[in-house]
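Participant: What shape does this take:
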Amino acid sequence: MIETIRNAWKVPELKKKLMFTIFALLIFRLGAAIPVPYINTDGLREFLQGQSGTILSLMNAMSGSAFAMATVFALSIQPYINSSIIIQLLTVAIPALERLQKEGGEEGRKKIASITRYTTVAIALLQGYGYYSLINYYGLIDTAGMSGIWVGIVIVLSFTAGSAFLMWLGEQITEFGIGNGISIILFAGIVSRVPQMVSDMYVGVSRWMNPLSEETLAGMGETQRKAYESSLLHPAAIPVIVIGMLALVVFIVFINNAERRLPVRYAKRVVGRKTYGGQSTHIPMKVSMSGVMPIIFAQSIASLPATIGAFAHWTVESEGFGGGLMRLFDSSRPFYSILYFLLIVGFSYFYSTMAFNPIEVANNLKKNGGFIQGFRPGRPTAEFIMNVLNKITMFGALYLAVVALAPIITGNLIGIRSLAIGGTSVIIVVGVALETMKQLEAQMLMRHYKGFLE
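Facilitator: Have a look, this model is predicted:
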C-alpha cells in the first residue's frame with residue numbers, strides 16, 4: 001500500500017488528487033473540533049461514557065468522537081448514509097423511482113441524487129432535534145441568558161449545516177480526489193479515534209493498578225461509578241486486544257477479496273466468414289456482497305430499546321417495565337447477542353437480494369448466448385444461481401456475525417463494553433482502504449498504459 005501511494009505521488013495528476021483529498025480531510029478534522037455553542041461538553045462526555053451499550057456510542061464512533069464533543073460535525077455523514085439507504089429501498093418499492101434510475105440516464109441519476117440531498121437535510125434536522133432534546137433533558141445546555149427556543153434553533157441548525165457541508169465535501173472528494181468521498185470521511189473519522197483509544201487503554205491500566213478507595217467510589221454518582229468501572233483494564237488484556245485486532249484485520253481482508261466464480265460459456269455463432277463467441281468466462285459473486293450495512297442496521301435496531309431508555313432515563317436498576325427492558329436488551333446479556341445475530345443474518349439476505357438478481361442475470365446470459373454448463377438457459381439457470389447465492393449469503397452473514405459479536409463477547413469477558421463497536425469499525429476501515437487502493441492502482445495502470453501501437 002505504501003509503495004502504491006509512493007508511485008502515485010510521482011504522477012502529477014494523481015498527486016493533485018491526493019493533495020485535494022488530504023486538504024478536504026484536514027477541513028473535516030478542523031470542523032470536528034469546533035464546538036456548537038451553549039452545550040456543556042464536559043457533562044455530555046461524562047454522560048456518553050455511561051451509554052456504551054446504546055446507539056449513541058455507535059454514532060460517536062462513526063463521527064470520530066465529534067458526537068461526544070458536540071461539534072459542528074457531530075452528526076457526521078450518518079444522515080447522508082441513512083438517506084441513501086432509504087432512497088435505495090424506495091427505488092425498489094416505487095416503480096416511478098425505479099424507472100428513473102434504470103431508464104432516466106444521466107438526468108435520472110441527477111434527480112435521484114438531488115432527492116437524496118434533500119432527504120439528507122430532512123434527516124439531519126430530525127437527528128439534530130433529537131440530539132438537542134436529549135442534552136436538554138439531562139440539563140447539558142447553558143442558555144447564557146438567552147431564550148430557550150433561540151438556543152435550540154442555533155444548536156439544531158448548526159448540526160444540520162455541519163452534516164450538509166460534509167455531504168457536499170464528500171461529493172467533492174469523489175469528483176476531484178481519490179476514492180468515494182463519503183467512505184473516505186467515514187474512514188477518517190474512525191481512524192482519528194485511534195490515539196484516544198490508546199490513551200483510554202493507558203488510563204484503564206493505570207486505574208487498574210491504582211484503584212480508588214471504597215469511600216471515594218461510594219461518594220460518586222451512579223453514572224460516574226459506572227464510567228469508572230467500565231474504564232478499568234487489566235494489563236494482560238492489552239496483548240489479547242492487539243492480537244485479536246490484527247487477526248480480525250487479516251480475516252476481513254481474506255473474506256473481502258473472496259468470491260465464488262460461476263463458469264460461463266458462450267455458444268459459437270458464424271456470421272459470414274467470421275466466428276463469434278465460443279469463449280469461456282465466469283460470473284464473480286462476492287462472499288461479502290452486502291458489506292457492512294447489515295451490521296449497522298442490526299446494531300441500530302438491537303440498540304433501539306437501550307437508546308429509548310436513555311431518553312426515558314431508565315437504567316438496569318430501575319423498577320418496572322423500563323428496568324426490565326433495559327436489563328433484557330443490555331449488551332452484556334445473551335439475549336442481546338442472539339437478537340443481534342439473527343438481525344445480521346436477516347439483513348444480509350435482504351441486501352444480497354437487492355444487490356444481485358439471479359433472474360436478471362440468467363435472462364442476460366440467455367440473450368447473449370451464454371450458459372452455465374449442466375443447466376439449461378432460463379429458469380434452471382436462475383434457480384442454480386439462486387441456490388449459490390443463498391449459500392454464499394449464509395457464509396457472508398456468519399462472517400459478519402462473527403466479526404460483530406467477537407468484540408462484544410471479548411469486551412464482556414475483559415470488562416470493556418466499548419469494544420462492542422470494534423468489529424463494525426474495523427470492517428469499514430479495512431474495506432475503504434482496500435477499495436481506495438484498488439481505485440488508485442486502476443488509475444495508475446490507466447495512465448501508464450502504452451497501448452498496442454508501441
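Participant: So for whatever helix or strand residue 113 lives in, what gets flagged as buried?
Facilitator: Residue 113 belongs to helix 105-137 when assigned by DSSP states H and E. For helix 105-137, burial by neighbour count (16 or more other Cβ atoms under 10 Å) applies to 112, 115-117, 119-121, 123-125, 127-128, 131-132, 134-136. Using the backbone N, CA and C atoms, a C-beta is placed for each residue, glycine as well.
Participant: what residue ranges in the stretch 101-250 of the chain score low on pLDDT?
Facilitator: Within the stretch 101-250 of the chain, the stretches with pLDDT under 70 are 104, 144-145, 147, 221-224, 226-227, 230-231.
Participant: Which residue ranges of the stretch 251-400 of the chain form helices?
Facilitator: Along the stretch 251-400 of the chain, counting by DSSP state H, counting those that start in this stretch, helices occupy 293-302, 304-312, 320-328, 334-355, 358-367, 379-414.
Participant: what's the following helix or strand after the last one?
Facilitator: In this case it means helix 379-414. Sequence order places helix 422-448 as the next helix or strand after helix 379-414, per DSSP H and E.
Participant: the inter-axis angle of that next one versus helix 293-302?
Facilitator: Orientation of helix 422-448 against helix 293-302 (axes from the mean of the first three to the mean of the last three Cα atoms, to 10 degrees) gives an angle of 150 degrees.
Participant: Counting by contacts, list what helix 422-448 packs against.
Facilitator: Secondary-structure packing of helix 422-448 (3 or more Cβ pairs under 8 Å, 6 or more residues apart in numbering; DSSP states H and E): helix 2-9, helix 12-31, helix 55-62, helix 181-191, helix 237-257, helix 293-302, helix 379-414.
Participant: what's the distance between residue 340 and residue 48?
Facilitator: 21 Å (Cβ to Cβ, to the nearest Å).
Participant: just residue 388 next, same as before
Facilitator: 44 Å.
Participant: higher neighbour count, these two?
Facilitator: residue 48 (21 against 16; other Cβ atoms under 10 Å).
Participant: quick one, what contacts residue 260?
Facilitator: 284-285, 287, 388, 392 (Cβ atoms under 8 Å, 6 or more residues apart in numbering).
Participant: just residue 178 next, same as before
Facilitator: Contacts of residue 178 (Cβ under 8 Å, 6+ apart): 14, 17-18, 21, 184, 436, 439-440, 443.
Participant: So it, which state does it fall into?
Facilitator: coil (DSSP: H, G, I helix; E, B strand; the rest coil).
Participant: tell me the phi and psi of it?
Facilitator: phi -110, psi 130 (degrees, to the nearest 10).
Participant: Run through the residues that contact the residue lying closest to residue 385 once chain neighbours are set aside.
Facilitator: Nearest non-adjacent residue to residue 385, counting by Cβ to Cβ, 6 or more residues apart in numbering: residue 358, 3.8 Å away. Each residue near residue 358 by Cβ under 8 Å, 6+ apart is listed here: 382-383, 385-386, 389.
Participant: if you set the cut-off to 6 Å instead, what comes out?
Facilitator: 382, 385-386 (Cβ atoms under 6 Å, 6 or more residues apart in numbering).
Participant: same question, residue 108
Facilitator: So residue 108 contacts residue 100 (Cβ under 6 Å, 6+ apart).
Participant: now it: how far from residue 97?
Facilitator: 9 Å.
Participant: now do residue 114
Facilitator: From residue 114 to residue 97 the distance is 12 Å (Cβ to Cβ).
Participant: cool, and residue 170?
Facilitator: For residue 170 relative to residue 97 (Cβ to Cβ), the value is 22 Å.
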